[in-house]
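A.B. asks: give the three-dimensional model of this entry:
(one chain, ligands or ions: 1)
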Amino acid sequence: MDSITTASSQVKGFLGLFLGSPFKFALTLLGLLLWTAIHRLYFSSISHIPGPKLAAITQLYEIYYDVYLGGKFTLHLESLHKQYGPIIRINPWEIHINDPHFYDEIYTTVRPFNKVFEHISWVNLFTAGLATVPHSLHKMRRSAISPLFSKQQIYILQSEIQDRAAKLCNRFLYEYKSTGKAVSLERAFGCYATDVVTHYTFAREYKYLDFPDFIAPTLETARMFAALIHVIRLFPVFRIISQNMPNRLVAFMVPGLGHFFAFQDDMFRQVTDIISGRNQDHVNVSHKTIFHEVLSSNLPPREKLVPRLADEGMVLVLAGFETTRSVLTNTCFYILNDKEVCRKLKAELAAAWPDIENPPTLQELERLPYLTAIIQEGLRLSLGVSFRLPRTSPTPIQYGSYTIPPGAIFSMCQYFVATNSTIFPSPKTFDPTRWLADPITGEMPLAPDGKLLSRYQVSFSRGTRSCVGMNLAYAELHICLANVFRKCELQLFETTVKDIEFNRDYFLPRAHPDSKGVRALVV
Ligand code: HEM
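C.D. replies: Model prediction:
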């Protein structure tokens, strides 16, 4: 008893030191802040990395660019690299590297790097492969879903993609042609990409391609949500509060989220019904769904629970539609913006696809050099994921004379590789010819360091965490662009390069907020 009394009076005395007077409290707080700043600047394990002192001291630096200015930190990193060199400290815990030659060292299959919880927690789908932090757990989860996305599977299922591309073009032709009404390419391609990915991965089609004006509420919500990403990422308290609130209340407070929750509920129902045997949708399609793939895998039972499968399903839709629609939209813009590129593409397609009723196979489309070069250039300039892709390592990493200690966060941006002017001269120019093989030797183009140029195509990232849906995405791009440019005559409508230029980073690159997006007339 005595010892308790003594301890409590000691605590009171200790607190009294601070709380006794506001002045002492303020002084103590100031002391703590000062000590934290000094520690971060001079005694942290990454103090030796160059960069702005303010960024090393406080994350308020990053918050200013990404929250106050809105998604501007990634673009700001460009000027920091110019000032401080290829390796910089961008916040108290993280190092950013701008060196295309180092990309494969970080995004690699040979070292067990982990993701960083703070950077993927905003997704709020913690048990999906994409959001899994530890390398080993991710490896196990990924092995269960990757067979569905093999090249072979995609070839088997290509007619399903072709059907949806044809449906998209039919709408362009029957609803928009010669009407003077502009179509939002972003919306139209968003519907196409979602119908493909949902049908392909879980034998379910929401038929967004049938929606009036291609306005699908769930997709509109996903777009709106993008603007909140940095707030939720940098102030996790908002995520924690919203997670603990009933969905209906959150949907009331953030209009539009209701559609998203309904989509999520539908996913839960579908998984539950598949596990119970009530859902037999997959019987009518020629392939397994992602859920059947996971359920029949060697994963332990805890990995096959409904919430985890639903997380995996949600991630596939989210990762699969926004990226693909953005590449399709941007690539279409670049083609339509350059008459010569458009003419050459149409000529190639007309030769390869003489009978409009008889589309070429995906394998045939993949052999078309100009279409393929256009897709590579479209991918490069669409920048994939614009946000840096942070990792940690259990062992030290060496970058030149700098050692990145175990546990420190390090990252690179695809943006800096894609726009590197040594590797891609005039990097902002859309020039598909840079990807064409030499017409005489047939050799594929090389980068200045003698490596294949394709080594620096990092839109799908690389290594263990690279895009699992890459083959599906390539198929969607080939089939959709071939259909659109073989069947339709499009003209840009009140759209300039400003409507696609990378202006803000909301995980994916966004154009200027005033932009109305890429719009076209069907003539
Ligand atoms: C052109 C379209 C696409 C681009 C540019 C793209 C890009 C990327 C990138 C850069 C990553 C790595 C993200 C990270 O490191 O955190 C990624 C991961 C991923 N992508 Fe894609 N993606 C595309 C299409 C798709 C499609 C169609 C699907 C779905 C079916 C998909 C599903 C995924 C998944 C599940 C991951 C996580 C992989 C893992 O962590 O194992 N993506 N994607």
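
A.B. asks: for this protein, what lies in contact range of the ligand?
C.D. replies: Within the chain, the residues that sit near the ligand (C-beta under 6 Å from any ligand atom) are 129-130, 142, 197, 201, 315-316, 319-320, 323-324, 327, 384-385, 389, 459-461, 465, 467-469, 472-473. In short, each C-beta sits where N, CA and C put it, glycine included.

A.B. asks: cross those against helices and list the overlap.
C.D. replies: Using DSSP state H to define helices, the subset of these located there is 142, 197, 201, 315-316, 319-320, 323-324, 327, 472-473.

A.B. asks: list phi and psi for V522.
C.D. replies: The main-chain torsion angles of V522 are listed as degrees, to the nearest 10 and equal phi -100, psi 120.

A.B. asks: touching, it and V183? I think so.
C.D. replies: Yes: checked against C-beta atoms under 8 Å, the pair V522 and V183 is within contact range at 6.6 Å.

A.B. asks: can you work out which residues contact both of these two?
C.D. replies: When contacts are counted by C-beta atoms under 8 Å, 6 or more residues apart in numbering, V522 and V183 are jointly contacted by 172, 176.

A.B. asks: one step back: columns neighbour count on top of the ones in helices among the residues of the chain next to the ligand, output as CSV?
C.D. replies: Written out in CSV, the entries for those read as follows (neighbours: other C-beta atoms under 10 Å):
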residue, neighbour count
R142, 16
V197, 22
T201, 24
V315, 19
L316, 26
A319, 20
G320, 23
T323, 21
T324, 25
V327, 26
L472, 26
A473, 25
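
A.B. asks: what's the lowest-pLDDT member of those residues?
C.D. replies: For those, the model is least confident at T201; its pLDDT is 87.

A.B. asks: ok, which stretches of the chain are strands?
C.D. replies: With DSSP state E as the criterion, the chain has strands at 87-91, 94-97, 183-184, 391-392, 397-399, 402-404, 409-411, 490-492, 504-506, 508-510, 519-522.

A.B. asks: near A144, how many other residues are there?
C.D. replies: Counted with other C-beta atoms under 10 Å, the neighbours of A144 add up to 20.

A.B. asks: quick one: residues contacting whichever residue of the stretch 51-200 of the chain sits closest to the ligand.
C.D. replies: Here the stretch 51-200 of the chain gets closest to the ligand at one residue, L130, 3.6 Å apart by C-beta to the nearest ligand atom. For L130, the contact set (C-beta under 8 Å, 6+ apart) comprises 120, 123, 315, 319.

A.B. asks: which non-adjacent residue is nearest the third one?
C.D. replies: Put plainly, it is V315. In this structure, V315 finds its nearest non-sequential neighbour in A128, 3.9 Å apart by C-beta to C-beta, 6 or more residues apart in numbering.

A.B. asks: so the one you found makes contact with V317?
C.D. replies: No: shown here, A128 and V317 do not form a contact pair, counting by C-beta under 8 Å, at 10.8 Å.

A.B. asks: quick one on the thing from earlier: pick out the most distant pair among the contacts of L130.
C.D. replies: I120 and A319 (11.7 Å; C-beta to C-beta).

A.B. asks: tell me the domain ranges of this protein?
C.D. replies: Under the assignment automatic domain parsing, the domains of the chain span 44-126+388-418, 134-384+459-523.

A.B. asks: can I get those in JSON lines including distance to W435?
C.D. replies: Rendered in JSON lines, the data for these read as follows (distance: least, C-beta to C-beta, whole Å):
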{"stretch": "domain 44-126+388-418", "distance to W435": "13"}
{"stretch": "domain 134-384+459-523", "distance to W435": "4"}
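
A.B. asks: and the ones you listed, which one's lowest on average pLDDT?
C.D. replies: For the domains of the chain, the weakest mean pLDDT is recorded on domain 134-384+459-523, namely a mean of 92.

A.B. asks: quote the end-to-end distance of it.
C.D. replies: Start-to-end span of domain 134-384+459-523 (C-alpha to C-alpha, to the nearest Å) is 52 Å.

A.B. asks: what's the answer for stretch 37-48, then?
C.D. replies: Across stretch 37-48, first to last residue, C-alpha to C-alpha, it's 15 Å.

A.B. asks: run the chain-centre distance for it.
C.D. replies: Relative to the chain's own centre, stretch 37-48 is displaced by 32 Å; criterion: C-alpha atoms, centre = their mean, to the nearest Å.

A.B. asks: check contacts around whichever residue of the stretch 401-523 of the chain sits closest to the ligand.
C.D. replies: When distances are taken as C-beta to the nearest ligand atom, the stretch 401-523 of the chain reaches nearest to the ligand at G469, 2.2 Å away. When the contact criterion is C-beta under 8 Å, 6+ apart, the partners of G469 are 149, 197, 316, 319-320.
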